[in-house]
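Asks: coordinates for the following, if possible.
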Amino acid sequence: GTAYYFSVKAINGVGLKSTAVNSSGQYVVAIDTSDSSPPTTPAQVRDGLSTISQESVNYTTTTITANWASSTDADSGISKYWYAIGTTPGGSQTKNWTNNGLLTLIYNASFSLTPGVTYYVSVKAENGAGLQSSTATSSGQVVSYFVDTTPPAAPAQVRDGTGADIQDAMTSNSLTGNWDTSADAESDISGYEYAIGGTPGGADVSGWISVGSNILAITKSGLALSPGSTYYFSIKAVNGAGLKSTATNSNGQYVVLIDTNDITPPTTPAQVRDGMSTTSQTSINYTTTTITANWASSADAESGIAKYWYAICTIPGGNDVKDWTDNGQLTLVFYSGLYLNIGTTYYVRVKAENGVGLQSAVATSAGQYVAVESTSVATPPVTPPIALKPNIHVYPNPYRITSGNQVKFQLNELNGAEVNIYTTSGRLVKKLIAEEGTAAADKFVAWDGKNESGEKVKVGLYVYSIKTRNGDKNTGKLIITK
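Replies: Model (predicted):
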């Protein structure tokens, strides 16, 4: 029955403290002590910090990162999450079960990891009555023999606003910026950091904050902005080894005074498009976890657009899947972690809110139908890697793709064998056949590191499957380095 508030101060390098910024408060509800049912199990544990993809290769020997979908408990709520790290699925050989509070991610840089070994993160939720969910485990991250020592490229451009660069914004407490994707040939991009300052490169308005690699735009609210001042976004890229690029800065957005006499609502978004394309609709959704949509910007000449709200429903006009949610000034939504029903159509509803709190009418998308994708793409075997037979060898492994050499799958006396190479997500990269009757086939099948289109593959972890003429199968992992 009581509300509690967080207050935060920043401390600089000489010990000086900022003024305090306070949260809006959290009201404490009485826990149902008669709760006899455990919370739901986290739907997915993802290796890495991205909320939409897995990081199957770890390019550090010190750090394990992971994140997971939230659990729920209608009776006594979620009180904490526990995590463990092991070298087997569900194991805790590397890190015993540890209380992680209510955070749904871990970043632990205190390890001494072994190259070539796969590490798994396991998570369970605990409710207010002390009951724990079942354990969910990640698919595993193998520690690369190659350790990246070079930082990634910096984002080419940072823009103020949600799309094309803007020069001014009518706002009192929030700013939006977006940026180009970065690249890192060795360990890929694991995320970004952003800051906001009153000067280019400054962080006095908002200190450095980390986001996932899938985030290329951000609205930061809760700011104390001064009309007549210019504010700048700064962005750094972070690679898989945790190294950071130099910062790229926006050219600034000038804050215009809000007209508090505004009595008219903003315009309604002209169109809400299902999917991420700004020129067409995505009428079929081939996932059962994710809804995406984007919309045309609204306008308000008096007090500007402060934010957009979105809801997700199965009937136009409802909000049964996702209740109205503040989306800041972003004009797109990528919402994952859902349980979508195949054969059902889902709609996204959007409304704009201006600087004095007036809201527009609601615009609704045409709907996206959830279906099962039919694909002829081969998938790798789901059995765990097993030891190769004595007459089967793969070398070099790891394979340095810039060496000019080839990977050789030695197949003594196995004419007609088939070698398939896959990404860890199951996409076939290359199929190799040991042709019968040739001397070369009596010794090995060679791969030059190129896919079916003749392009060099990226650095990372791959899965190979060797199938002999008599139907025997052998699978394993192949690490490709630069």
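Asks: could you list the low-confidence segments of the protein?
Replies: In the predicted model of the chain, residues 372-392, 411-416, 424-426, 435-443, 469-473 satisfy pLDDT under 70.
Asks: spatially central residue in it, please.
Replies: By C-alpha atoms, centre = their mean, the chain has its centre lying nearest to S50, at 2.3 Å.
Asks: that one belongs to a strand?
Replies: No - counting by DSSP: H, G, I helix; E, B strand; the rest coil, S50 is not found in a strand; it is coil.
Asks: so it touches S190, yeah?
Replies: Yes - taking contacts as C-beta atoms under 8 Å, S50 lies within contact range of S190: 7.3 Å. For every residue, glycine as well, the C-beta is placed using N, CA and C.
Asks: give me the common contacts of these two.
Replies: Common neighbours of S50 and S190 are listed as S213 (criterion: C-beta atoms under 8 Å, 6 or more residues apart in numbering).
Asks: ok, back up a step: ok, the residue nearest to the residue nearest to the centre of the chain when sequence neighbours are not counted - contacts?
Replies: Counting by C-beta to C-beta, 6 or more residues apart in numbering, S50 lies nearest to G212, which is 4.6 Å off, once chain neighbours are set aside. G212 sits next to L49, S50, T51, I52, G191, Y192 when contact means C-beta under 8 Å, 6+ apart.
Asks: same deal with T65?
Replies: D47, G48, L49, E55, L105, I106, Y107, N108, S190.
Asks: let's go with 6 Å and repeat that
Replies: G48, L49, Y107 (C-beta atoms under 6 Å, 6 or more residues apart in numbering).
Asks: how about K220?
Replies: L175, S206.
Asks: partner residues bridging it?
Replies: L175 (DSSP bridges).
Asks: residues near the closest residue in space to S139 that isn't next to it in sequence, how many?
Replies: Leaving aside its chain neighbours, S139 sits nearest to Q54 (6.0 Å; criterion: C-beta to C-beta, 6+ apart). Q54 has 18 neighbours, counted by other C-beta atoms under 10 Å.
Asks: secondary structure element holding Q54?
Replies: Q54 is part of no helix or strand, with elements assigned from DSSP states H and E.
Asks: check the gap between it and N67 for me.
Replies: Using C-beta to C-beta, to the nearest Å, Q54 is found at 11 Å from N67.
Asks: sorry, back to before: and the residue nearest to the centre of the chain, how far from S37?
Replies: Taken as C-beta to C-beta, the span from S50 to S37 is 32 Å.
Asks: thinking again about what came up before, for Q54 and N67, list the residues in contact with both.
Replies: By C-beta under 6 Å, 6+ apart, Q54 and N67 have these common neighbours: R46.
Asks: need the contacts of T65 in TSV with neighbour count and distance to P89, can you?
Replies: Output for the contacts of T65, formatted as TSV (neighbours: other C-beta atoms under 10 Å; distance: C-beta to C-beta, whole Å):
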residue	neighbour count	distance to P89
G48	25	17
L49	20	21
Y107	13	21
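Asks: and which of the residues you listed is nearest E452?
Replies: Among the contacts of T65, G48 lies closest to E452 (C-beta to C-beta), at 27.2 Å.
Asks: give me the phi and psi for the closest one.
Replies: With angles defined as degrees, to the nearest 10, G48 sits at phi 90, psi -170.
Asks: with T402 instead?
Replies: Dihedral pair for T402: phi -90, psi 0, per degrees, to the nearest 10.
Asks: check contacts around it.
Replies: K482.
Asks: for the strand or helix carrying T325, which helices and strands make contact with it?
Replies: Element membership of T325, judged by DSSP H and E, is strand 322-326. Under the contact definition 3 or more C-beta pairs under 6 Å, 6 or more residues apart in numbering; DSSP states H and E, strand 322-326 sits against strand 305-313.
Asks: okay, and the beta partners of S206?
Replies: Legend: beta-bridge partners of S206 under DSSP bridges are I196.
Asks: ok, now which ones touch it?
Replies: Contacts of S206 were listed using C-beta under 6 Å, 6+ apart, and they are A195, I196, K220.
Asks: which one of these is nearest to T2?
Replies: K220 (29.1 Å).
Asks: how close does that closest one get to S190?
Replies: From K220 to S190 the distance is 21 Å (C-beta to C-beta).
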